[in-house]
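In: 3D, please:
(one chain, ligands or ions: 1)
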Amino acid sequence: MSPAKSWAIRSAAAFTVLAVSAGCGTGVDRDGKSGDEGTVSAPGASPTGSPEPASPKGPPGALPRPGEVKRIPRSDDGLPPVISSIPTKRKVVFLTIDDGWEQDPGFVAQIRDQRIPIAAFVMRDAVEARGAVDPTAQGGRFLGAGKWGYVRDLRDAGATIENHTLTHPNLPTLGYEQQKAEICGSSKLIRKHLGTQPTLFRPPFGSLNSLTRKAAKACGIDALLLWTATVQPGGKIAYQVPDKKLRPGDVLLLHFRPNLSRDFRILVNKIKRRGFELGNLDAYLKAATGNPSGNS
Ligand SMILES: [Zn+2]
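Out: Predicted structure coming up:
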């Protein structure tokens, strides 16, 4: 199959016909290549002449190009690094969603059908709906909270499921053993329900101390991930920088809360209008830290 043809088939699966024809007009002069650079998916043989586009394979979202991502140096103490953004100059940002209260099947369909890359940092008391109700609900009612099946559906739709403790404590108020119980307990639960081992940990409130990294390491965590901007109801981005601009490598934080699907649609459109792509966090972090895949 010619590169142009395989590009068109893959693009047709991900974008509208309009986007494909727009892409055809500008694709060749982007960097003088076919537009396939950086794509590692291997879609296999597509039936020639079939109107049905080949189903896209590989992880969702933009993948790092060779040499694109700067290495995050290993910490001298051998503990997992604390990362807030990805060191790249490419206009790519990363979507992360925390807690797990709202369990809207429409959101699963949204990320699956549009192949939107997300990393979900889930915490037990939200997923199982047994903790105090999250104040981010702002009086709204959560949809269907209480099921690990929802988290599995998210994973099957392409999301990465990561660790956000059992009970959402402010970790620096706890001793080492308690911090470890929160982090290891969450990883164990995710393993039990999903069969995968989280490699990333997000401390609740972004709050941590030296014991937190030590405990995370003991629980098999490769890196602690914070964020550079939060997304408010209505898809509004609250920046932590004064110029209120998205920057390459930004990590955005959302919450599973009422109207997530609608807010998410607004947000994704906004990001694309500003010329940014949505990146695959897992692939970018591996490029930045040099950790091999399948680490456990
Ligand atoms: Zn949280």
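
In: So residue 193 lies in a helix, does it not?
Out: Yes: under DSSP: H, G, I helix; E, B strand; the rest coil, residue 193 falls within a helix.

In: So the residue in the stretch 51-200 of the chain that the ion sits nearest to, which state does it fall into?
Out: Nearest residue of the stretch 51-200 of the chain to the ion (Cβ to the ion) works out as residue 98 at 4.1 Å. C-beta: built from backbone N, CA, C; applies to glycine. Assigned by three-state DSSP, the conformation of residue 98 is strand.

In: for it, what are its contacts?
Out: When contacts are counted by Cβ atoms under 8 Å, 6 or more residues apart in numbering, residue 98 touches 120-123, 164, 202, 253-256.

In: Nearest residue to it in space, ignoring adjacent ones along the chain?
Out: residue 121 (4.8 Å; Cβ to Cβ, 6 or more residues apart in numbering).

In: before we move on, the earlier item: so what's the residue of the stretch 51-200 of the chain closest to the ion bridging to?
Out: Following DSSP bridges, residue 98 is listed with bridge partners residue 121, residue 255.

In: Need the pLDDT of it.
Out: Note on residue 98: pLDDT of 94.

In: Please give me every residue in contact with whatever residue of the stretch 151-296 of the chain ends up closest to the ion.
Out: Residue of the stretch 151-296 of the chain nearest the ion, by Cβ to the ion: residue 204 (4.9 Å). Shown in contact with residue 204 (Cβ under 8 Å, 6+ apart): 123, 164-165, 168-171.

In: can you count the residues close to the residue nearest to residue 98?
Out: 25 (other Cβ atoms under 10 Å).

In: who's in contact with it?
Out: Per Cβ under 8 Å, 6+ apart, neighbours of residue 121: 96-99, 162-164, 200-202, 225.

In: mind redoing it with 7 Å?
Out: Residues in contact with residue 121 (Cβ atoms under 7 Å, 6 or more residues apart in numbering) are 96, 98, 162-164, 202.

In: about what we covered before: now that we have the contacts of residue 98, which one has the most neighbours?
Out: residue 122 (30 neighbours).

In: Next one: the nearest residue to it once chain neighbours are set aside from residue 68, what distance?
Out: Spatial nearest neighbour of residue 122, chain neighbours left out: residue 100 (4.2 Å); criterion: Cβ to Cβ, 6+ apart. Residue 100 sits 32 Å away from residue 68, going by Cβ to Cβ, to the nearest Å.

In: Looking at these two, which has the bigger crowd around it?
Out: Neighbours were counted for residue 100 and for residue 68 using other Cβ under 10 Å; residue 100 has more, 29 against 19.

In: pretty sure that one is touching residue 125, no?
Out: No: when contacts are counted by Cβ atoms under 7 Å, residue 100 is not listed as touching residue 125 (9.0 Å).

In: what's the pLDDT at residue 59?
Out: For residue 59, the predicted pLDDT is 84.

In: residues contacting it?
Out: 117, 280, 282-283.

In: Work out for me the element it sits within.
Out: Residue 59 belongs to no helix or strand when assigned by DSSP states H and E.

In: on that earlier part again, got the contact list for the residue nearest to residue 122?
Out: 120, 122-123, 126-127, 151, 256.

In: Look at stretch 116-131 and report the distance between its end residues.
Out: Using Cα to Cα, to the nearest Å, the end-to-end distance of stretch 116-131 comes to 29 Å.

In: start at 36 instead
Out: Okay, using 36 as the starting number, the last item reads as stretch 151-166.

In: Tell me the residues on the stretch 36-185 of the chain that lie near the ion, please.
Out: Counting by Cβ under 5 Å from the ion, the stretch 36-185 of the chain comes close to the ion at 133-134.

In: Ranking helices and strands of the chain by mean pLDDT, which lands last?
Out: helix 52-66 (a mean of 30; mean pLDDT, DSSP states H and E).

In: Tell me the helix or strand right after that one.
Out: strand 117-118.

In: That following strand pairs with which strands?
Out: Paired neighbours of strand 117-118 in the sheet (DSSP bridges): strand 258-260 (parallel).

In: Name the residues that touch the strand it pairs with?
Out: Contacts of strand 258-260 (Cβ under 7 Å, 6+ apart): 115-118, 131, 235-238, 243, 248, 251, 286, 320, 324.
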